[in-house]
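**Q** got a sequence here, can you build the structure:
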Amino acid sequence: MDDIRIIGSRREPLWDDWLIDTDKTDTPALLHHPVQRECETFTEPWATENHPYLCVLKDGDICRMYTIHTAGLVCSVSTDGIHWERPSYGLVEWQGSRENALCSFEYPGEPPRAQRFDGFRAFVDENPKSLPEERIKAVANVDSGLWFYVSSDGLRFRFAGRLNIPGQNPGTPYDSVNTVFWDKNIGKYRAYIRDYFSASNPADPVWIRAISGSESEELFPEGGWPKARYLEYDTPNAWQMYINSILPYERADHLLVGFPSRYVIRREWTPNYDELCGREDRLRRAGPNRSDRLGLSVSDTLFMVSRDGHRFTRYPEAFLRPGPEHPRGWVYGSVYFSNGLLETPASHPGCENELSFYCMENRFFDCPPQAYRYSVRLDGFVSRTARYPESNLTTKPFIFEGKDLFVNFSTSAYGWMRFKLTDTDGRRLTSCETFGDSTDRRVRFDGDVGAFAGRPVVLTVNMFDADLYSIMFR
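**A** Okay, here's the model as predicted:
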């Protein structure tokens with residue numbers, strides 16, 4: 001039974017090979033890209049001069065977006081994750097007025113300047129032992145330390161202490177964004193922090209940005225958290241990665257998804273920089289010798305997924321590219337993925353919900369900060385795709401619960417899928433031709449799917465001009 005997968009009635013996205021019999025499958029994994037939607041512009045005087053990071057979370061019926069500005073931490077709210085407001089909370093006085101959307105904070109000393117208060121990441125704590133008055137928690141990087149906060153309403157944050165999570169590098173500064181959340185599947189908190197490792201060439205003084213992870217049953221265990229370990233990947237590339245944005249995927253929370261920023265720096269000014277958008281500003285940031293990294297480096301966002309929180313399937317192509325060139329684009333800090341995903345209404349009336357996230361733009365520029373929303377279909381980061389003339393997907397043996405198979409799939413008008421379910425006794429069910437585009441389509445078989453529940457089965461899919469994102473029995 002060790003080689004039989006148990007999926008029960010949970011949703012299984014097909015983003016890795018865990019369920020796939022790769023020897024019998026010729027449908028490659030295809031990384032999809034999000035669509036840029038509307039822009040949220042911060043025009044209020046207390047919400048200017050932005051930092052590049054933001055955080056979104058679902059808090060009951062309310063969506064919250066946290067952004068750091070010179071005046072402090074701003075909380076925008078929304079009922080749909082698309083249309084945002086910044087109401088007056090009356091909590092913080094700024095320039096003689098409390099008419100603003102600033103959150104209140106406790107500090108163990110002099111309040112830090114926005115330039116030293118970095119990478120705010122909030123989460124709703126699902127630990128059953130969490131106190132109601134501490135149901136929302138947050139971590140931020142302040143003076144190269146991890147400051148931890150608790151809140152009952154997401155607006156008033158109380159300082160709870162400094163997290164002690166040692167990295168692999170003794171000098172880990174925890175800058176940019178670090179992530180903490182409760183993982184109910186292991187009954188522990190997970191933390192993913194900014195770390196470093198040295199270049200493979202001992203003569204190269206460059207330290208490579210990296211991500212390390214640790215686990216703890218308590219936020220403040222005696223003696224601190226276990227030393228964080230470097231994450232492992234199925235691709236060997238030593239890319240510089242940070243701003244990990246790792247979180248449980250809500251629709252299939254046995255999976256952790258991550259959206260790390262990939263930092264790319266070219267060591268010298270080349271003729272391409274003279275043609276790249278924003279040349280004059282880039283020259284200014286690059287300095288008189290055209291060598292400063294603020295003028296030479298750019299960033300994009302990757303996608304990765306894990307089942308154990310340590311080993312990740314990492315796609316080498318960018319999930320989110322810097323996009324079409326414009327005067328303020330293609331900079332160090334472009335398309336930094338928000339910490340958090342929101343399920344939002346479809347962009348087209350009558351269609352199914354989407355997943356949305358935001359990226360803060362206009363870093364380095366003296367203009368209002370802007371957060372662009374991006375959307376992707378539910379489970380739509382990666383699909384198993386079929387091309388001409390046809391392809392086949394075969395699973396490893398698995399055991400399910402339920403009476404019907406539902407799939408997240410898409411075909412062309414001419415494209416199709418045909419499903420076959422076979423048990424270990426050789427009994428078989430076949431489906432009719434399935435075509436369309438749905439995140440939750442019931443597959444019609446020529447018999448009783450429920451009769452196969454609880455015993456090992458193999459699912460095969462014959463398909464053409466089609467994509468299969470996830471499967472689920474219920």
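**Q** the host helix or strand of residue 148 - contacts with which helices or strands?
**A** Assigned by DSSP states H and E, residue 148 belongs to strand 145-151. Contact here means 3 or more C-beta pairs under 8 Å, 6 or more residues apart in numbering; DSSP states H and E; on that basis strand 145-151 packs against strand 136-142, strand 156-163. C-beta coordinates here come from the backbone N, C-alpha and C atoms, glycine included.
**Q** which of those sits closest to residue 272?
**A** Nearest to residue 272, of all those, is strand 136-142, at 33.2 Å by C-beta to C-beta.
**Q** contacts for that closest one?
**A** Strand 136-142 is touched from outside by 59, 66, 112, 116-125, 130, 146-154, 157, 160, 163, 173-180, 194, 219, with contacts defined as C-beta atoms under 8 Å, 6 or more residues apart in numbering.
**Q** count of neighbours near residue 348?
**A** By the criterion of other C-beta atoms under 10 Å, residue 348 has 8 neighbours.
**Q** now do residue 274
**A** Counted with other C-beta under 10 Å, residue 274 comes out at 10.
**Q** tell me the secondary structure of it, please.
**A** Under DSSP: H, G, I helix; E, B strand; the rest coil, residue 274 falls in the helix class.
**Q** per-residue pLDDT, it?
**A** For residue 274, the model assigns a pLDDT of 97.
**Q** same deal with residue 99?
**A** 97.
**Q** strands - which of the contacts of strand 136-142 land there?
**A** For the contacts of strand 136-142, the ones inside strands are 59, 66, 117-124, 146-151, 157, 160, 163, 179-180, 194, with DSSP state E as the criterion.
**Q** which of those residues count as buried?
**A** The neighbour-count test (16 or more other C-beta atoms under 10 Å) applied to the ones in strands among the contacts of strand 136-142 identifies 66, 117-124, 146-151, 157, 160, 163, 179-180, 194 as buried.
**Q** for residue 339, what are its contacts?
**A** Applying C-beta under 8 Å, 6+ apart to residue 339 gives the contacts 53, 54, 55, 56, 121, 177, 179, 245, 247.
**Q** check residue 94 too.
**A** Contacts for residue 94 (C-beta under 8 Å, 6+ apart) come out as 46, 71, 72, 100, 102.
**Q** and the two most separated of the residues you listed?
**A** Across these (C-beta to C-beta), the longest gap, 8.7 Å, separates 72 and 100.
**Q** which residues do the two both contact?
**A** Common neighbours of residue 72 and residue 100, using C-beta under 8 Å, 6+ apart, are 46, 92, 94.
**Q** and those as TSV, adding distance to residue 387 and pLDDT?
**A** Converted to TSV, those look like this (distance: C-beta to C-beta, whole Å; pLDDT from 0 to 100):
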residue	distance to residue 387	pLDDT
46	52	94
92	56	95
94	57	95
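**Q** break this structure into its domains for me.
**A** For the chain, the structural domains run 5-30+383-473, 35-379, going by automatic domain parsing.
**Q** and the shortest one, how far from the chain's centre?
**A** The offset between the C-alpha centroid of domain 5-30+383-473 and the centroid of the whole chain comes to 26 Å, using C-alpha atoms, centre = their mean, to the nearest Å.
**Q** residue ranges of the strands in the stretch 151-300 of the chain, please?
**A** 156-163, 179-183, 188-198, 207-216, 229-230, 232-233, 240-242, 247-248, 256-258, 261-265, 297-301 (DSSP state E, counting those that start in this stretch).
**Q** next secondary structure element downstream of the last one?
**A** Scanning the chain past strand 297-301 towards its C-terminal end, the next helix or strand to appear is strand 304-306 (assignment: DSSP H and E).
**Q** quick one, helices of the protein?
**A** Shown for the chain, the helices assigned by DSSP state H span residues 271-275, 279-286, 293-296.
**Q** starting at the chain centroid, how far to the first one?
**A** To tie it back to what came earlier, the one meant is helix 271-275. Centroid displacement of helix 271-275 relative to its chain, using C-alpha atoms, centre = their mean, is 32 Å.
**Q** may I see the buried residues of it?
**A** Residues residue 273 are the ones in helix 271-275 that count as buried (16+ other C-beta under 10 Å).
**Q** for the second one, same thing?
**A** By 16+ other C-beta under 10 Å, the buried positions in helix 279-286 come out as 282, 285, 286.
**Q** next: the last one.
**A** Of the residues in helix 293-296, those with enough neighbours to count as buried (16+ other C-beta under 10 Å) are 294, 295, 296.
**Q** what sits against the last one?
**A** Under the criterion of C-beta under 8 Å, 6+ apart, the contact partners of residue 296 comprise 265, 266, 267, 268, 269, 273, 286, 290.
**Q** quick revisit: make TSV out of the strands of the stretch 151-300 of the chain and add mean pLDDT.
**A** Output for these, formatted as TSV (pLDDT from 0 to 100):
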stretch	mean pLDDT
strand 156-163	94
strand 179-183	98
strand 188-198	93
strand 207-216	93
strand 229-230	96
strand 232-233	96
strand 240-242	93
strand 247-248	98
strand 256-258	98
strand 261-265	94
strand 297-301	96
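**Q** make a markdown table from these and add distance to residue 456 to it.
**A** A markdown table is the format used below for those (distance: least, C-beta to C-beta, whole Å):
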| stretch | distance to residue 456 |
| --- | --- |
| strand 156-163 | 44 |
| strand 179-183 | 29 |
| strand 188-198 | 31 |
| strand 207-216 | 32 |
| strand 229-230 | 34 |
| strand 232-233 | 30 |
| strand 240-242 | 38 |
| strand 247-248 | 28 |
| strand 256-258 | 27 |
| strand 261-265 | 40 |
| strand 297-301 | 39 |
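**Q** which one of the ones you listed lies nearest to residue 36?
**A** In terms of C-beta to C-beta, the element of the strands of the stretch 151-300 of the chain nearest to residue 36 is strand 297-301, at 12.8 Å.
**Q** show me what that closest one is packed against.
**A** Where contact means 3+ C-beta pairs under 8 Å, 6+ apart, strand 297-301 is packed against strand 261-265.
**Q** you'd agree residue 127 is up against residue 182?
**A** Yes: in this structure residue 127 lies within contact range of residue 182 using C-beta atoms under 8 Å: 4.4 Å.
**Q** overlap of the contact sets of these two?
**A** With C-beta under 8 Å, 6+ apart as the test, residue 127 and residue 182 both reach residue 189.
**Q** quick one: contacts for residue 446?
**A** By C-beta under 8 Å, 6+ apart, the residues touching residue 446 are 429, 430, 431, 432.
**Q** how much space between it and residue 459?
**A** Distance from residue 446 to residue 459, counting by C-beta to C-beta, to the nearest Å: 15 Å.
**Q** circling back to that earlier point, which of the shared contacts of residue 72 and residue 100 sits closest to residue 463?
**A** Nearest to residue 463 out of these is residue 46 (C-beta to C-beta; 53.3 Å).
**Q** neighbours around that closest one, how many?
**A** Neighbourhood size, residue 46 [other C-beta under 10 Å]: 20.
**Q** same deal with the one 4 residues further on?
**A** When neighbours are defined as other C-beta under 10 Å, residue 50 has 24 of them.
**Q** just give the closest residue to it, not the sequence neighbours.
**A** Excluding the flanking residues, the one nearest residue 50 by C-beta to C-beta, 6 or more residues apart in numbering is residue 369, at 3.1 Å.
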